[in-house]
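Peer 1: just to be clear, the model below is a prediction. Sequence and coordinates:
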Amino acid sequence: MTDISKRTVVKMVALTAVAAAALVGCGKKEEAPKAEAPAAAKAEPLKIAFAYVGPVGDGGWTFAHDNGRKALEAEFGDKIVTSFVEKVPESADAERVIRDMAGQGNKLIFGTTFGYMEPMLKAAADLKDVKFEHATGYKTADNMRTYDSRTYQGAYMAGVIAGKMTKTNTVGVVGSIPIPEVIRNINSFTLGAQSVNPKIKTKVVWVNDWFNPPKETEAATALINGGADVLMQNTDSPAVLQTAEKMGKRAFGWDSDMTAYGPKAHLGSAVINWGPYYIKATRDALEGKWATGQSWWGVKEGAIDFVSMAADVPEDAKKKVEEVKAGLKDGTFEIWKGPILGQDGKEVLAKDAVADDKFLGGINFYVKGVEGKIPGGK
């Protein structure tokens, strides 16, 4: 074959290859495998923080709040992340702690004592993207609401038992801070006791602190030495019950079931269940339904109960407590229904009149039968 013939053959092969490529180009193109679309990013969990006034192991108030926090975790799982700081003082330091919680990315913050009200208000004014919940207060903002439990309902039921169990007709209360919440509980305890025993007198010793076991012990001892044989407290530790146990008297658990702290002295516990409210508040935040406002929950909402009544409590007293509980739940019973007299014997609530929440929220007087003066009062 000549060189010309070779070149002709090579040229023809080349032209054939070009034509084949062109035909492929005009036909259906083979598509490259498509990359899978990235999975939707999982929503970040809602970060929730709690500021506690006492230690989580106080056996009472803070212990009850922490049980509520745990109920949140059980309800919402990995949709939320919770944290807490305990023993936060009711002072300017509370504002620092609350702001630090927000700085750590918490978008829902619970302040669990009355003294956090002003610090939370200040923080809420600057941190508009954070939702604040304040326990037992009365001031709100667009991003701060209040919640409370009707502890006076538990106090009244404890009073019913106290009125039946006292041998001296003198009962005692260790008071914490003289604010309407605590005064209302002292009065309700007295009204409950008087409902079964009109001879009841109530002595009060104030410690001006929420959690101070040594002071609570000293106050309980003074009450017992003063003739009180059944004690209640509006403080956060089991020190009053433990003192009654040591001195052979009777007492109640408060905020949480304190049976184990003084089984011989224990008559029953007025307990708070914060779980239902904390679950509602968190669901509101998760679903974008959170709005400012005020909530005050009691037996009706499952927030207050009276539990673990002692075996030696008379059956009629147990029955009375259950009747009160049922009436509070269905709205057929009112604790603060007139006539109710003040310490001075003057009428503070007329016959058949029922106190509204405004009245209850502003109580600054003792009812008839409570001895002594309110610190700072007239």
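Peer 2: Received, thanks.
Peer 1: okay, now the unreliable bits of the protein?
Peer 2: Across the chain, the ranges flagged by pLDDT under 70 are 1-41, 378.
Peer 1: all helices for it, in order.
Peer 2: Counting by DSSP state H, the chain has these helices, from start to end: 3-26, 61-76, 92-103, 117-126, 151-165, 180-194, 213-225, 239-246, 275-286, 315-330, 357-361.
Peer 1: with adjacent residues omitted, what lies nearest to the most centrally placed residue in the chain?
Peer 2: The residue lying closest to the centre of the chain (CA atoms, centre = their mean) is Trp274, at 4.0 Å. Counting by CB to CB, 6 or more residues apart in numbering, Trp274 lies nearest to Gly68, which is 3.1 Å off, once chain neighbours are set aside. Any C-beta I mention is one placed from the backbone N, CA and C, and that applies to glycine too.
Peer 1: Leu341 against Val370, yeah?
Peer 2: No: with contact defined as CB atoms under 8 Å, Leu341 does not count as touching Val370 (11.0 Å).
Peer 1: buried set for stretch 193-209?
Peer 2: Within stretch 193-209, the residues scored as buried using 16 or more other CB atoms under 10 Å are 193-197, 200-207, 209.
Peer 1: run the chain-centre distance for that stretch.
Peer 2: Offset of stretch 193-209 from its chain centre (CA atoms, centre = their mean, to the nearest Å): 26 Å.
Peer 1: again, but for stretch 357-365
Peer 2: Relative to its parent chain, stretch 357-365 has a centroid offset of 21 Å by CA atoms, centre = their mean.
Peer 1: and for stretch 309-327?
Peer 2: 26 Å.
Peer 1: give me the domain ranges for this structure.
Peer 2: 46-150+275-301, 151-272+304-361 (automatic domain parsing).
Peer 1: quick one: end-to-end distance for the shortest one.
Peer 2: Spelled out, that is domain 46-150+275-301. 25 Å (CA to CA, to the nearest Å).
Peer 1: which residues does Tyr147 bridge with?
Peer 2: Tyr147 has these beta-bridge partners by DSSP bridges: Ala135, Ser295.
Peer 1: next, count neighbours for it.
Peer 2: Tyr147 has 22 neighbours, counted by other CB atoms under 10 Å.
Peer 1: check Gly268 too.
Peer 2: 28.
Peer 1: tell me who's in contact with it.
Peer 2: Met157, Ala158, Ile161, Phe252, Gly253, Phe306, Val307, Ser308, Met309, Ala310, Val313, Val321 (CB atoms under 8 Å, 6 or more residues apart in numbering).
Peer 1: just give the nearest non-adjacent residue to the first one, would you?
Peer 2: Nearest-residue entry for Met157: Phe306, 4.0 Å, with adjacent residues in sequence omitted and distances by CB to CB, 6+ apart.
Peer 1: surely the one you found touches Glu323?
Peer 2: No: using CB under 8 Å as the test, Phe306 is too far from Glu323 to be in contact (11.9 Å).
Peer 1: returning to what we had before: what about Leu341 and Val370, which has more around it?
Peer 2: Between Leu341 and Val370, Val370 has the larger neighbour count (other CB under 10 Å), namely 24 against 14.
Peer 1: and that one, how far from Lys203?
Peer 2: For Val370, the distance to Lys203 equals 8 Å [CB to CB, to the nearest Å].
Peer 1: list residues touching both of these two?
Peer 2: Contacts common to Val370 and Lys203, judged by CB under 8 Å, 6+ apart, are absent.
Peer 1: ok so, going back, now the buried members of the contacts of Gly268.
Peer 2: Buried by 16+ other CB under 10 Å: Met157, Ala158, Ile161, Phe252, Gly253, Phe306, Ser308, Met309, Ala310, Val313, Val321, out of the contacts of Gly268.
Peer 1: look up how far Val313 lies from the first one.
Peer 2: Right, the one you point to is Met157. From Met157 across to Val313, the span is 11 Å (CB to CB).
Peer 1: again, but for the second one
Peer 2: In this structure, Ala158 and Val313 are 11 Å apart, going by CB to CB.
Peer 1: related to what we said a few turns ago, report the two of the buried residues of stretch 193-209 separated the most.
Peer 2: Pairwise distances across the buried residues of stretch 193-209 peak at 31.5 Å for Val196 and Asp209 (criterion: CB to CB).
Peer 1: quick one: contacts for Phe110?
Peer 2: Ile48, Ala49, Phe50, Ala51, His65, Glu133, His134, Ala135, Tyr278, Ala281.
Peer 1: same question, Thr140
Peer 2: Contacts of Thr140 (CB under 8 Å, 6+ apart): Thr146, Thr292, Gly293, Gln294.
Peer 1: tell me the one among the residues you listed nearest to Asp236.
Peer 2: Nearest to Asp236 among the contacts of Thr140 is Thr146, at 19.8 Å by CB to CB.
Peer 1: would you check that that closest one makes contact with Phe132?
Peer 2: No: using CB under 8 Å, Thr146 makes no contact with Phe132, being 9.6 Å away.
Peer 1: appreciated, that's everything.
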